[in-house]
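**Student:** what's the 3D shape of this:
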Amino acid sequence: MDVQHFERITAFIEARLTPLFEAETGSERGFAMDDTSRALRALRNSVLEAGAVKGLIEKRETAEPRLRTVIDQSVEHHWDVLRGIARQWEDHTDFRREFKRHAWELDEAPAQV
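**Tutor:** Next up, the predicted model:
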């Protein structure tokens, strides 16, 4: 699992969400207090939080074994969150097969830049 996997899946989801914050959608750019705006903000915050694993992945290399296990579990959890969100657009032309894969499957296939 590497940072590029997270960057790609986060970018894919963001590309689906960003247009929903535009005035044409009628939700006042997602910043109003209507339920649609609140849901969009909550989803975007979840994506941003789950995608922010760069520091964890970097620390993993020098971490002691017990901490490395915790880091691995955290990274896997964040990947699962993003994977579940991205799969809502599984039929989209930009959807990548790697977005369906489990974290342990990606350990065997480093990201291609």
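**Student:** Report the rounded mean pLDDT for stretch 106-113.
**Tutor:** Across stretch 106-113, pLDDT averages out at 60.
**Student:** ugh, wrong one, stretch 61-74
**Tutor:** On average, stretch 61-74 scores 93.
**Student:** Contacts for that stretch next, please.
**Tutor:** Stretch 61-74 has contacts (CB atoms under 8 Å, 6 or more residues apart in numbering) with Val53, Leu56, Ile57, Lys59, Arg60. Placement of C-beta: from N, CA and C, glycine included.
**Student:** from those, which would you call buried?
**Tutor:** Listed as buried from the contacts of stretch 61-74 are Val53, Leu56, Ile57, Arg60; burial here means 16 or more other CB atoms under 10 Å.
**Student:** ok, and the residue nearest to the second one when sequence neighbours are not counted, which helix or strand is that part of?
**Tutor:** When you say that, I think you mean Leu56. Of all residues not flanking Leu56 in the chain, Ile71 sits nearest, at 5.2 Å (CB to CB, 6 or more residues apart in numbering). Using DSSP states H and E, Ile71 sits within helix 65-86.
**Student:** Dump the C-alpha coordinates for that helix into CSV.
**Tutor:** C-alpha atoms of helix 65-86 as CSV (Å, rounded to 0.1, in the frame of the first residue of the first chain):
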residue,chain,number,x,y,z
PRO,A,65,6.9,-3.5,15.2
ARG,A,66,4.0,-2.8,17.6
LEU,A,67,3.5,0.7,16.2
ARG,A,68,3.8,-0.6,12.7
THR,A,69,0.9,-3.0,13.4
VAL,A,70,-1.3,0.0,14.5
ILE,A,71,-0.3,2.0,11.5
ASP,A,72,-1.1,-0.9,9.2
GLN,A,73,-4.6,-1.3,10.8
SER,A,74,-5.2,2.5,10.5
VAL,A,75,-4.1,2.6,6.8
GLU,A,76,-6.3,-0.4,6.0
HIS,A,77,-9.3,1.2,7.7
HIS,A,78,-8.9,4.4,5.8
TRP,A,79,-8.6,2.5,2.5
ASP,A,80,-11.8,0.6,3.3
VAL,A,81,-13.6,3.9,3.9
LEU,A,82,-12.5,5.3,0.6
ARG,A,83,-13.0,2.0,-1.3
GLY,A,84,-16.6,1.9,0.0
ILE,A,85,-17.3,5.5,-1.2
ALA,A,86,-15.6,5.1,-4.5
